[in-house]
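Chemist: Just need the structure, nothing else, for what follows:
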Amino acid sequence: MSSATTQGGLESMLGFNPTDPGFRQDPYPHYRRLRENTPVFRSPAGFWVLARHRECDRVLRDERFGYPAPTAAPGNAAPDGDGPDGNGAAGNGAPGDGPALPGGFADQRHMLIFMNPPDHTRMRRVLRDTFGPRVMRNATGYIENRIERLLDGALADGPRFDLISSVAHQLPFGVICHLLGVPEPDHPMIEKWAQDYLSGVSPSFTVSQANHQARDEALAGLNDYFRRLATERRQSPGEDVLTRLTAEVDEGHISEQELLGTCILLFIAGHGTTTNLIGNGTLALLRNPDQLARFRAEPDLAATAVEELLRYDSPSHLSIRVAFEDVALDEENVVRAGEQVIVMRGAANRDPDVFTDPDTLDLGRVDNRHLSFASGIHVCFGAPLARTQGRIALGAIFRRAPRLTLAAERLEYKPSLLSRALVELPVSADG
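Modeler: Predicted coordinates for the structure are as follows:
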């Protein structure tokens, strides 16, 4: 981060300071002040920050907003939260391709989350057909078996363990490797690339240059790896999603670059969000014993419980959109064509105009219109798989460890404005 990006500079740029130590521990009071004081905030840097559910949901659903094309040169002053439900590098706002950037960065234009119609519509249709009922049934059975094996190992190592590294990360990482058919010897290499990528996917003014470089190198490595793996699948087809996607390329439905972008997106977004759901969800239940008692006593609450945990402490907190034309949010605020909008979904999920007692965890909450997976045409494609993993994992964790308690008073979060991610979650199975 440059010397110009001081704490006061970030405060004036965003309306809050994400580097404040208290923000990482609990961002919600900061979001509340933003929502109450400047719910529609135009930054002096030229972009907008939205904190109220009404405007956030509207921008996410309005097709006059979309993803910026990853066309800008490095160093552009606008935010470039380029990650799972972030966006590509800041461009002029128009859909389309731009020149290749170092490290394969521009390859992100071939990921579904960075596409706009009609390419987005076509790719979403292909993925819907690829991830049919048979694939989801296979994934569910794998999830159920894997969570039990992971808990066997965690509990066998002693009463105290880190839930993030031993369970919350390993479950979705294994699931997406299973779906894509990634050979087990390749897992460590792929995992490092994924972590390097995720470390560099917040708006650019909150991420170091070293993180940006590591992210771009990881993206290039993943691109090359899945190109080689796709070649192997053509020579020796399997029952995995990658084999299905190579067939879509051969039939002319998608391009080779779109296949690679989809594999990378599935791998990165397919486990980071779910890791945070399981980690944040477990923590929320442990800190709210009355709701944990309900969770254990009322199995029928499983579906609404996952939705409430997603709302209460969302796995990711923002999306970025660009206006393709001038759009009036209200009589006073007009987003001009080409301007970017940071949609603070984490703030919107605590809006009292939409959620009764928004700072209270209520596993039985109905009409839960949270924005944790965004909304509109860009709603997270992997949301059903993430929900399934969250439901199965949380049920198994508290069934297998009925006396589970926190084993640390203060927890550390990763330095990301995009994700709400615990570094570790020390727990004890002995109470």
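
Chemist: contacts for the helix or strand of the chain with the lowest mean pLDDT?
Modeler: Lowest on mean pLDDT, DSSP states H and E among the helices and strands of the chain sits helix 7-14, with a mean of 75. Residues from elsewhere that reach helix 7-14, judged by CB atoms under 8 Å, 6 or more residues apart in numbering: 16-20, 41, 43-45, 49, 205-206, 342. For glycine as for every other residue, the C-beta is placed from the backbone atoms N, C-alpha and C.

Chemist: swap in stretch 121-139?
Modeler: With contacts defined as CB under 8 Å, 6+ apart, stretch 121-139 is touched by 112, 115, 175, 178-179, 241, 244-245, 248, 253-254, 258, 262, 377, 381, 384-385, 388.

Chemist: ok, of the residues you listed, which come out buried?
Modeler: By neighbour count, with 16 or more other CB atoms under 10 Å, these hold 112, 115, 175, 178-179, 241, 244-245, 248, 253-254, 258, 262, 381, 385, 388 as buried.

Chemist: With pLDDT and neighbour count added, can I get the contacts of helix 7-14 in JSON lines?
Modeler: Output for the contacts of helix 7-14, formatted as JSON lines (pLDDT from 0 to 100; neighbours: other CB atoms under 10 Å):
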{"residue": "16", "pLDDT": "85", "neighbour count": "23"}
{"residue": "17", "pLDDT": "85", "neighbour count": "18"}
{"residue": "18", "pLDDT": "85", "neighbour count": "20"}
{"residue": "19", "pLDDT": "81", "neighbour count": "15"}
{"residue": "20", "pLDDT": "84", "neighbour count": "14"}
{"residue": "41", "pLDDT": "94", "neighbour count": "19"}
{"residue": "43", "pLDDT": "92", "neighbour count": "17"}
{"residue": "44", "pLDDT": "91", "neighbour count": "8"}
{"residue": "45", "pLDDT": "89", "neighbour count": "14"}
{"residue": "49", "pLDDT": "96", "neighbour count": "23"}
{"residue": "205", "pLDDT": "55", "neighbour count": "20"}
{"residue": "206", "pLDDT": "59", "neighbour count": "20"}
{"residue": "342", "pLDDT": "95", "neighbour count": "27"}
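
Chemist: which residues of this protein score low on pLDDT?
Modeler: Residue ranges of the chain with pLDDT under 70: 1-8, 69-108, 201-207.

Chemist: Now do the strands in it.
Modeler: Remark: strands assigned in the chain by DSSP state E are 40-42, 48-50, 65-66, 160-162, 318-323, 327-328, 334-335, 340-344, 405-406, 426-428.

Chemist: can you tell which of those is closest to residue 216?
Modeler: strand 318-323 (18.2 Å; CB to CB).
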